[in-house]
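Chemist: Show me the folded form of this:
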Amino acid sequence: MGVRIGLVGLPNVGKSTLFNALTRAGVSAENYPFCTIDPNIGVVSVPDYRLERLGEIYKPKKLTPTTIEFVDIAGLVKGASRGEGLGNQFLAHIREVDAIAQIVRCFVDSDITHVETELDPIRDIEIIKTELCLADLATVEKRADKTERMLKTGDPAYQEEFKRLQRLAKELNQGKLINQLTLDALEEEIVSELFLLTAKLIVYVANVTEGEDPQNNEYYRQIQELAAAEGFPTVAISAKIEADLAELPVEEAVIFQEELGIKQTGFSQLIQTSYAILDLITFFTGNENEVRAWTVKKGATAPEAAGKVHTDMQRGFIKAEVINFAEIDRLDTFARAREEGKLRIEGKDYQVVDGDVCLFRFNAIS
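Modeler: Okay, here's the model as predicted:
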């Protein structure tokens, strides 16, 4: 499974409109057209100007972007943690994502009713937080009951685990998200094993009125303030504009974007922000057949990056020839980069940097 971002929100906040726009946009290479894995999962190409530039340099037969998955998770309502509405479906799907993009309605439209009647983005955020906390609390308490029964064995490991579970339950009961807590090693292990929902990192996505400056939107500023206090980023998007752009041919979409004064689409901003909070970077491989982008965690070693291309490359890794995009972009040709000695030879301990163009040398292992 690749990088997976869950789109979460109350009903009628523009979540599905944004999902439909995202999964029709940014499909710059025929290798990765939008494809539906499930009715609510879309795989889209990650836009990256560096891939296009490397295509000019290598002149390959095809360009293959890296991809990201967006999951349109069922609209949440109060009581989801108890199975209200599509609560169970919501909770099951959110456990499988790497991060949450919480769509928050910041536009007024009398034709689109709000599930809570009046517009109040902070209240909407709190509703979702509460439901996630309650769901996690139920999970932690269930585990604590099981661990408590094991205390009679006298094993100190169960005593330590029970102590940590009690602490997590107390914090959740007070409405605190796991991602806001400082955890010790055992607590991190427990949280990972239980797939706790409030441990997920969050991007707050303010769905604003088309054409307005988000900084003039009072609701957006409220979300920014809340997000800053929590240490999470905020992205302002007009789902309506993103949907309109996605319907247009690329050339017309560019013109429309320029007319609106949009330097970067909300789609691109959301992807970049998601990559940033998940500590993800992009590296490239290239030859005359294909130039391809790949996603790895920041800090990944050269063998780990090679394993993204093929597991045999990681197992039989010898070395990597590396040049960063900025350098090859300046030199304009791979041959010139080699002639000027700009290709570096890196070993097993080298940590791949965003924008690295890598050629992996390895022994084939049968």
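Chemist: mind listing the helices for the stretch 151-300 of the chain?
Modeler: Taking DSSP state H, counting those that start in this stretch as the test, the helices found in the stretch 151-300 of the chain are 156-173, 185-194, 218-230, 239-247, 250-260, 266-277.
Chemist: which of these has the lowest average pLDDT?
Modeler: When the helices of the stretch 151-300 of the chain are ranked by mean pLDDT, helix 250-260 comes last with a mean of 81.
Chemist: which stretches of this protein have low pLDDT?
Modeler: Residues of the chain meeting the criterion pLDDT under 70: 1, 25-39, 74-90, 110-117, 365-366.
Chemist: quick one, domains of it?
Modeler: As assigned by automatic domain parsing, the chain contains the domains 4-117+200-277, 130-198, 299-362.
Chemist: Distance from the second one to the middle of the chain?
Modeler: On the basis of CA atoms, centre = their mean, to the nearest Å, the separation between the geometric centre of domain 130-198 and that of its chain is 25 Å.
Chemist: again with the shortest one
Modeler: For domain 299-362, the distance between its averaged C-alpha position and the chain's averaged C-alpha position is 25 Å (CA atoms, centre = their mean).
Chemist: re earlier: can you list the domains of the chain in TSV and add mean neighbour count and distance to residue 123?
Modeler: C-beta coordinates here come from the backbone N, C-alpha and C atoms, glycine included. As requested, these are exported to TSV (neighbours: other CB atoms under 10 Å; distance: least, CB to CB, whole Å):
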stretch	mean neighbour count	distance to residue 123
domain 4-117+200-277	18	7
domain 130-198	16	10
domain 299-362	17	38
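Chemist: and residue 307, what does it touch?
Modeler: 313, 314, 315 (CB atoms under 8 Å, 6 or more residues apart in numbering).
Chemist: With residue 130 instead?
Modeler: Under the criterion of CB under 8 Å, 6+ apart, the contact list for residue 130 reads residue 175.
Chemist: any idea how far residue 353 is from it?
Modeler: When distance is defined by CB to CB, to the nearest Å, residue 130 is 41 Å away from residue 353.
Chemist: just to revisit the earlier point, looking at the domains of the chain, which is closest to residue 289?
Modeler: Of all these, domain 4-117+200-277 sits nearest to residue 289, with 5.3 Å by CB to CB.
Chemist: Endpoint to endpoint, that closest one covers what distance?
Modeler: As for domain 4-117+200-277, its first-to-last residue distance stands at 13 Å under the measure CA to CA, to the nearest Å.
Chemist: any idea how far the nearest residue to residue 270 once chain neighbours are set aside lies from residue 225?
Modeler: Closest residue in space to residue 270, ignoring its immediate chain neighbours: residue 235 at 5.3 Å, by CB to CB, 6 or more residues apart in numbering. Look at residue 235 and residue 225: by CB to CB, they are 15 Å apart.
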